[in-house]
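K.L.:
Provided below are the primary sequence and the corresponding predicted coordinates.
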Amino acid sequence: MEICVKNLVKRYGNLVALDHFDLEINQGEVFGLLGPNGSGKTTAINCILALLKYDKGTIDVMGKPMSPDAYDTKRNIGVVMQNVAVFDELTVRENIDYFCGLYIKNKKERVGLVEEAIEFVGLADYRKFYPKKLSGGLLRRLNIACGIAHKPKLIIMDEPTVAVDPQSRNNILEGILKLNREGATVLYTSHYMEEVEQICSRIAIMDKGRIIASGTNSELKSLIRTGEKISIEVYGMDSKVIEFFKQLPGVNSVDYTDNKLTIKSQRGKNNLVSAVDYLKSNNIEFSRIYSELPTLNDVFLEITGKELRD
Amino acid sequence: MFSHIFMYNLKTIFRNRPAIFWTLIYPIVLSTLFYFAFSNLVNAESFEPVGIAVAESSELAAETGFYSALASVSDIDGTAEKEDIFRIQTVSQEEAEELLKNGNIAAYIFYDDGIKLAVADSGFGQTIAKIFIDDYLQASSTIHTILSDNPQAADQGLITDLAQRKEYLTQASDSASSPDTTVIYFYALLAMTCLMGSTVAVEEIIKLQANMSPLASRVNLVPVAKFRVFLYNICATILFQMVVILLVLAYLMFALQIDFGAKTGFILLTCLISCITGVFFGTTVSVGFKNTGIKYAITIGGTMLSCFLAGLMVVDMKYIIQESAPIIGYISPANLITDAFYSLYYYDGLSRYFENIILLVAYSVVMCVVTCLVMRRKKYASI
């Protein structure tokens, strides 16, 4: 097991940031830690990395208790922080070389790894650029390169795609999967559920310092009652229509807000055809109608009663 | 590992433009301003020979004693010497009047029933010329009176005796260096440059305290002891500061021709110790306060206050502190640095110099220990 956290409690005064937090990550996984802002993801990571003091609990990384002096363990960990952490006075290549050099003593080996990291994040054309000359997306890529250049066995990424353009985000996500294929275990935190769904083999959902659900993507979705979500974009809606949809078999809820009607049905119940027929037969004009499977946001909503991005 | 961390840290410091400005450019600009301000001051106080003319006449030519007395204190051949009082032109009476009228000379000497002095207005030069002539006339009158009463007096060395001037006060100096109060300003400026290294040191600590910056968090995650990274970074900071101080010192000595005395080895030692003191002052302040603004405010404010007390803005402040609150003089690092330079310049002995150096070393050791003790902290309550 790469990371094993048991019963972790971290308080900031009266605020409980981590409330008996448990986490187990196996070797070779891409593990997603999903939760809204302020749910305790970064605090958990900082505790795991022995940066933060905590009140209670145990943390083992790669089978050994984690401490600030656990240099042998640290040698195998790569960290990509939420905020860009590079030297403004060093070029792209120098930044990567500096951090890589703190892990790899052999200069020859280091040169190869630095070049590999530069290619990996697609910064080959920006080797001699100073960070201030890079766009937000490129800066994030540099931040990642500094964290992974030494080819760590365990990579911890704390919201690496915040404020990143879609193209760079896709590059980063593809890169993470590539690192995983090369043998690295990845702990990935985000409040973007789509990213977590896209790359993570297992996911834990956090709220108020606790893990409220964990499992694979499908396991999490099976935890909730909703099986199908039909959305109809329509201007003006009669209460009779809403009542009709509520009567359809297996419907859990019907909600009409912002000119959008949302019908949530139980797993195994499909009402899309019935809904289209009803709208046509009653000459109700609509701009779009589509059916979706539940998302992690729905899982979060059903468990906590609030949106993931609240 | 040392060379890797040391070289990269050196690069980051040398590419840090604000650091270069405050530690190198600012002292050079300030020293240049000092130089021009003080050179005008020195020029205003320096003595220039008084320009006078001698109106040619046969009666005056007969006064050989006067001519020889005048020649002994005058620049006649155009090669001015330190002891020259007058710069003389020998011209006709009309030309002398014209020169005086145009303000080209302060006075002219002419003969009209005795040696006389013509002036157009009163002033420093005119007063000197008047005193010289009065002195000559008084001495010649005394000689005439004595010789008329006792003609043998000439053989008994009367002229030699009267020509002699006895000084009852003697000027003593402990050093071969000539006294110059303006160098205190430059010592204080050098002290400021050394202590400005504290601002660079503040940055070094910010780069290591995980609760101060994301960069520091990353540095705390590497498999190298934080204390080692700190030590290597500080070595680079001291080297940077030493290079800066050598550049400033070279500028002062070779471009501005400021005389720091001949004890170059001790001057360099003072610079090195002062740089170390400045750097550890910065690290101590930086580990003591969490707010970045407060860190810089205290280091820059403390440095400037210390330099003010050492005479950077008003040279008399150094003497006031020495007289009324000597304890501040022992506490203030800038005062100790200026005093070390001062004692090297003015005294042949080194006891006072080493007193200052030992205090600076002691303060550096104390501040280094405080920094290390606080830096031992490995985990933080919040980030």
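P.N.:
That came in fine, so what should we check first?
K.L.:
pLDDT weak spots in chain A?
P.N.:
For chain A, applying pLDDT under 70 flags the ranges A:308-310.
K.L.:
near chain B, which residues of it are found?
P.N.:
Within chain A, the positions near chain B by C-beta under 8 Å from any C-beta of the partner chain are A:12, A:46, A:49-53, A:68-69, A:71-72, A:74-75, A:77, A:79, A:81-87, A:89-90, A:94, A:98-99, A:101-103, A:105, A:146-147. The way it works is simple: take the backbone N, C-alpha and C, and place the C-beta from them, glycine included.
K.L.:
quick one, which of these are buried?
P.N.:
The neighbour count (16 or more other C-beta atoms under 10 Å in any protein chain shown) marks A:46, A:49-52, A:68, A:74-75, A:77, A:79, A:81-82, A:84-87, A:89-90, A:94, A:98-99, A:101-103, A:146-147 as buried among the residues of chain A next to chain B.
K.L.:
what is the neighbour count of residue A:45?
P.N.:
Residue A:45: 21 surrounding residues under other C-beta atoms under 10 Å in any protein chain shown.
K.L.:
which residues are in contact with the residue lying closest to residue A:234 once chain neighbours are set aside?
P.N.:
Take residue A:234 and drop its neighbours on the chain: the residue closest to it by C-beta to C-beta, 6 or more residues apart in numbering or on different chains is residue A:286, 4.2 Å away. With contacts defined as C-beta atoms under 8 Å, 6 or more residues apart in numbering or on different chains, residue A:286 is in contact with A:232, A:233, A:234, A:279.
K.L.:
just among the residues you listed, which is most surrounded?
P.N.:
Compared across the contacts of residue A:286, residue A:232 has the highest neighbour count, 23 neighbours, by other C-beta under 10 Å.
K.L.:
so it, which state does it fall into?
P.N.:
When classified by DSSP: H, G, I helix; E, B strand; the rest coil, residue A:232 comes out as strand.
K.L.:
also residue A:244?
P.N.:
The local conformation at residue A:244, judged by three-state DSSP, is helix.
K.L.:
likewise for the one 10 residues further on?
P.N.:
At residue A:254 the chain is in strand, as set by three-state DSSP.
K.L.:
that one and residue A:262 touch, don't they?
P.N.:
Yes: the criterion here is C-beta atoms under 8 Å, and residue A:254 meets it with residue A:262 at 7.2 Å.
K.L.:
more neighbours: the two, which one.
P.N.:
Counted by other C-beta under 10 Å, residue A:254 and residue A:262 do not tie: residue A:254 has more neighbours, with 20 against 15.
K.L.:
what sits against that one?
P.N.:
For residue A:254, the contacting residues are A:242, A:245, A:246, A:261, A:262, A:263, A:264, by C-beta under 8 Å, 6+ apart.
K.L.:
by mean pLDDT, flag the weakest helix or strand of chain B.
P.N.:
Least confident helix or strand, chain B: helix B:158-163 with a mean of 67, by mean pLDDT, DSSP states H and E.
K.L.:
walk me through the domains of the chain.
P.N.:
If you meant another chain, say so; for now it's chain A. Segmentation of chain A into domains, based on automatic domain parsing, reads A:3-221, A:226-304.
K.L.:
correction: the question concerned chain B.
P.N.:
If you go by automatic domain parsing, chain B breaks into B:2-41+B:180-375, B:48-163.
K.L.:
with mean neighbour count added, can I get these in TSV?
P.N.:
Output for the domains of chain B, formatted as TSV (neighbours: other C-beta atoms under 10 Å in any protein chain shown):
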stretch	mean neighbour count
domain B:2-41+B:180-375	19
domain B:48-163	15
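K.L.:
circling back: with respect to chain B, which of the contacts of residue A:286 is nearest?
P.N.:
residue A:233 (42.1 Å; C-beta to the nearest C-beta).
K.L.:
helices along the stretch 201-310 of chain A, start to end?
P.N.:
Ranges of helices within the stretch 201-310 of chain A are A:217-221, A:239-247, A:272-281, A:296-304, based on DSSP state H, counting those that start in this stretch.
K.L.:
quick one: contacts for the residue nearest to residue B:1 when sequence neighbours are not counted?
P.N.:
Closest residue to residue B:1 apart from its sequence neighbours, by C-beta to C-beta, 6+ apart: residue B:224 at 6.5 Å. Residue B:224 makes contacts with A:71, A:102, B:1, B:5, as judged by C-beta under 8 Å, 6+ apart.
K.L.:
farthest pair within these?
P.N.:
By the measure C-beta to C-beta, A:71 and B:5 form the most distant pair in these, at 15.0 Å.
K.L.:
before we move on, back to that, which ones among the buried ones among the residues of chain A next to chain B lie within helices?
P.N.:
Counting by DSSP state H, the part of those found in helices is A:46, A:74, A:94, A:98, A:99, A:101, A:146, A:147.
K.L.:
who's in contact with the fifth one?
P.N.:
Looking back up the chat, that one is residue A:99. Residue A:99 neighbours (C-beta under 8 Å, 6+ apart): A:146, A:147, A:149, A:150, B:218, B:222.
K.L.:
on that earlier part again, of the helices of the stretch 201-310 of chain A, flag the one that's most buried.
P.N.:
Across the helices of the stretch 201-310 of chain A, the average number of neighbours (mean count of other C-beta atoms under 10 Å in any protein chain shown) peaks for helix A:296-304, which reaches a mean of 20.
K.L.:
thought residue A:261 was touching residue A:232?
P.N.:
Yes: if you go by C-beta under 8 Å, residue A:261 and residue A:232 touch, sitting 4.3 Å apart.
K.L.:
as a check, name the ranges of all helices in the stretch 51-200 of chain A.
P.N.:
Under DSSP H, counting those that start in this stretch, the stretch 51-200 of chain A gives helices at A:71-74, A:92-101, A:107-121, A:136-148, A:166-181, A:193-199.
K.L.:
quick check: mean pLDDT across the helix or strand containing residue B:143?
P.N.:
Element membership of residue B:143, judged by DSSP states H and E, is helix B:124-149. Averaging pLDDT along helix B:124-149 yields 85.
K.L.:
chain A contacts on chain B?
P.N.:
B:1, B:4-5, B:8, B:11-13, B:15-16, B:210, B:213-215, B:217-218, B:220-226, B:378-383.
K.L.:
so which of those are in helices?
P.N.:
Secondary structure from DSSP H places B:4, B:5, B:8, B:11, B:12, B:13, B:214, B:215, B:217, B:218, B:220, B:226 of these in helices.
K.L.:
report how many residues lie close to the closest residue to residue A:274 other than its chain neighbours.
P.N.:
In space, and not counting its chain neighbours, residue A:274 is closest to residue A:248: 5.8 Å by C-beta to C-beta, 6+ apart. Neighbours of residue A:248 under the rule other C-beta under 10 Å: 16.
K.L.:
quick one: residue A:248 from chain B, how far?
P.N.:
For residue A:248, the distance to chain B (C-beta to the nearest C-beta, to the nearest Å) stands at 51 Å.
K.L.:
what residues are up against that residue?
P.N.:
Neighbour list for residue A:248: A:263, A:265, A:271, A:274, A:275 [criterion: C-beta under 8 Å, 6+ apart].
K.L.:
thank you kindly, that will do.
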